[in-house]
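> Pasting a predicted model and its sequence here:
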Amino acid sequence: MKKAVLVVVVLVILGAGVFGFRRWILPHPETAAESYFQQYEAHELTPDVEMQLRGIQGHFLNSLVTDFRMYEDMPPVMYRYPIAFTSYALASIAKIDPSYKTFSSHYMDKLLQKMKQKVVWEDWIKAGFGPDPVAKHNIMYRGHLNLMYGLYQLTSGDTKYEEEYKAFSKALYEEMKQNEKETRFRGMPCQPDDYYVHCNSIGMYSLAVYDTLYKDTNYSELIGPWLEWLKKRMVEPEHGVFRRSYHLEHDYAEELVSGYATGWSIAFLMALDPEFARLLYPQFKKTFIRKRLGGLYYYASELPGGRPDDLATLCALYAARAMNDAELLGGLVNSLDKIGGKKIEGEMLVFEKFPSPIWGMILFGKVNIGLEEFIAKKDWTKIASASRSTTRTGTESQP
């Protein structure tokens, strides 16, 4: 009798262990990773993307453009990124399935209006950088807004923002062109003395989108010299990935490297210089990517050999999608599902542990059709600047 009871107890414990392993340890993906790469050709969203899109619509997109309560405890300086990347996701969704064109256009318009709310850009003023957040520098805001203008017009065909879009793009180009002539760097800083590659990847790509819409400009001529400068100054030689930042005043490129900045940048560089992106990608994986449970889960760190980092993992998703790396993308989706507390609520896929705006950033990693699909393709590496750069003292300086 005692032996029988013992056997039953052991079986119950083993059964509970197996159930727990399956329930809480093993991933439960809604879609095979390979399916994300087939959406564009099939002109059909995967079921989990449709469910996630409904979750985003219900918990984020349908809010008033002045309502930011869903951001929970996120600092206002971060508000712009979910707005922007959700907009980029919607542009891809309209390309994948044209029946979503009206849907995407409507919500991209709302997101543009949300992006222009004071709470999104007033960090610039509060930091003491100046009274106008779009007058100078601040590519971390201006680049996203400019790209949102362009993708909205490409997706919807609506030109109601055309006048401000043209003025905005012209101002970006003229400031970057002046920097090319008068400084040692290429592109535009975020804060007055802080420059980041990933933010500039948005700004440069936005100029390529503009030139696709308007054939009478060549704002994207700045991309070639920018790429050349990146390769010389912003790739850290030991790891072969992007440095965290560059500081204008002392022409100082930090030795620290960044997982999220490199992953994010690779996704946009695939549209502007795919050979460069392909050179960076294996170094990115070697430096920042780690796997668990034999590759069921992958995560990214912000520093080489560091701990798992949510933002770096999210940006690794962008890189994996751009590079058609199904194995890595699947493992990253599994990790984000687990970290974010993925849950099915009726016909919605939600993340209980992430604020709802973050769900749109995850969605971009699943639906990005390839950013090259939105622009007229050029070989910007062969486009040289007509002018040599000069330093602030007037002496010639190589970038």
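Structure received. Numbers count the residues shown, from 1 in each chain.
> CA only for contacts and neighbour counts going forward, please
Fine.
> and after the least confident helix or strand in the chain by mean pLDDT, which helix or strand comes next?
When each helix and strand of the chain is scored by mean pLDDT, DSSP states H and E, helix 2-20 comes last, with a mean of 48. Later in the chain than helix 2-20, the nearest helix or strand by DSSP states H and E is helix 33-36.
> who does that following helix touch, helix- and strand-wise?
Packing partners of helix 33-36 (3 or more CA pairs under 8 Å, 6 or more residues apart in numbering; DSSP states H and E): helix 326-340.
> Flag every buried residue along whichever helix or strand comes after the helix it packs on.
For helix 326-340, the following helix or strand on the C-terminal side (DSSP H and E) is strand 342-345. The neighbour-count check on strand 342-345 (16 or more other CA atoms under 10 Å) flags Lys342 as buried.
> following strand 342-345, which helix or strand comes up?
Following strand 342-345 in sequence order, the next helix or strand is strand 348-351 (DSSP H and E).
> Show me the helices in the stretch 101-250 of the chain, by range?
For the stretch 101-250 of the chain, the helices defined by DSSP state H, counting those that start in this stretch cover 101-115, 118-121, 123-126, 139-156, 162-182, 197-213, 223-229.
> what does the stretch 251-399 of the chain give?
Ranges of helices within the stretch 251-399 of the chain are 259-272, 274-288, 310-322, 326-340, 356-367, based on DSSP H, counting those that start in this stretch.
> Output those in a markdown table, with distance to Ile96, mean pLDDT and mean neighbour count appended to each entry.
Listed next are the helices of the stretch 251-399 of the chain as a markdown table, based on distance: least, CA to CA, whole Å; pLDDT from 0 to 100; neighbours: other CA atoms under 10 Å:
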| stretch | distance to Ile96 | mean pLDDT | mean neighbour count |
| --- | --- | --- | --- |
| helix 259-272 | 18 | 98 | 26 |
| helix 274-288 | 22 | 98 | 18 |
| helix 310-322 | 15 | 98 | 26 |
| helix 326-340 | 18 | 97 | 22 |
| helix 356-367 | 8 | 98 | 24 |
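> for the ones you listed, which one sits closest to Ile139?
When those are compared by CA to CA, helix 259-272 sits nearest Ile139, at 14.3 Å.
> Roughly how far does His250 sit from Leu314?
32 Å (CA to CA, to the nearest Å).
> Low-confidence stretches in the chain?
By pLDDT under 70, the low-scoring segments of the chain are 1-29, 384-399.
> tell me the domain ranges of it?
Domain assignment for the chain by automatic domain parsing gives 45-120+354-379, 122-257.
> any chance of those domains in a markdown table, plus distance to Lys342?
Converted to a markdown table, these look like this (distance: least, CA to CA, whole Å):
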| stretch | distance to Lys342 |
| --- | --- |
| domain 45-120+354-379 | 9 |
| domain 122-257 | 28 |
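> Nearest to the spatial middle of the chain, which residue is it?
The residue lying closest to the centre of the chain (CA atoms, centre = their mean) is Trp264, at 5.0 Å.
> what sits against that residue?
Trp264 is in contact with 198, 315-316, 318-319, counting by CA atoms under 8 Å, 6 or more residues apart in numbering.
> And for Glu255?
Residues in contact with Glu255 (CA under 8 Å, 6+ apart) are 236, 243-244.
> And for His239, the neighbour number?
Using other CA atoms under 10 Å, the number of residues around His239 comes to 16.
> That one contacts Thr287, correct?
Yes. Look at His239 against Thr287 with CA atoms under 8 Å: they come within range, at 6.7 Å.
> Touching both of those two, which residues are there?
Counting by CA under 8 Å, 6+ apart, His239 and Thr287 have no shared contacts at all.
> For Pro47, which of the helices of the stretch 101-250 of the chain is the nearest?
With CA to CA as the yardstick, what comes closest out of those is helix 101-115 (17.2 Å).
> Next, the angle helix 139-156 makes with the closest one.
Helix 101-115 runs at 160 degrees relative to helix 139-156, counting by axes from the mean of the first three to the mean of the last three CA atoms, to 10 degrees.
> residues of helix 101-115 that come out buried?
101, 104-105, 107-112, 114-115.
> could these go into TSV alongside distance to Thr183?
Formatted as TSV, the buried residues of helix 101-115 follow (distance: CA to CA, whole Å):
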residue	distance to Thr183
Lys101	42
Ser104	40
Ser105	39
Tyr107	39
Met108	36
Asp109	36
Lys110	37
Leu111	34
Leu112	32
Lys114	34
Met115	30
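> What is the nearest of those residues to His43?
Lys101 (12.4 Å).
> how near is the nearest residue to the closest one once chain neighbours are set aside to Tyr152?
Ranked by CA to CA, 6 or more residues apart in numbering and with sequence neighbours excluded, the top spatial neighbour of Lys101 is Ala94, at 4.7 Å. Ala94 sits at a distance of 11 Å from Tyr152 (criterion: CA to CA).
> out of these two, which sits in the busier spot?
Set Ala94 next to Tyr152 and count neighbours by other CA under 10 Å: Tyr152 wins out with 26 against 20.
> give the contact list for that one.
91, 105, 108-109, 158.
> swap in Leu314?
Contacts of Leu314 by CA under 8 Å, 6+ apart are 260, 332, 336, 361-362, 365.
> Find the nearest non-adjacent residue to Gly187, please.
Closest to Gly187 by CA to CA, 6+ apart is Met176, at 5.2 Å.
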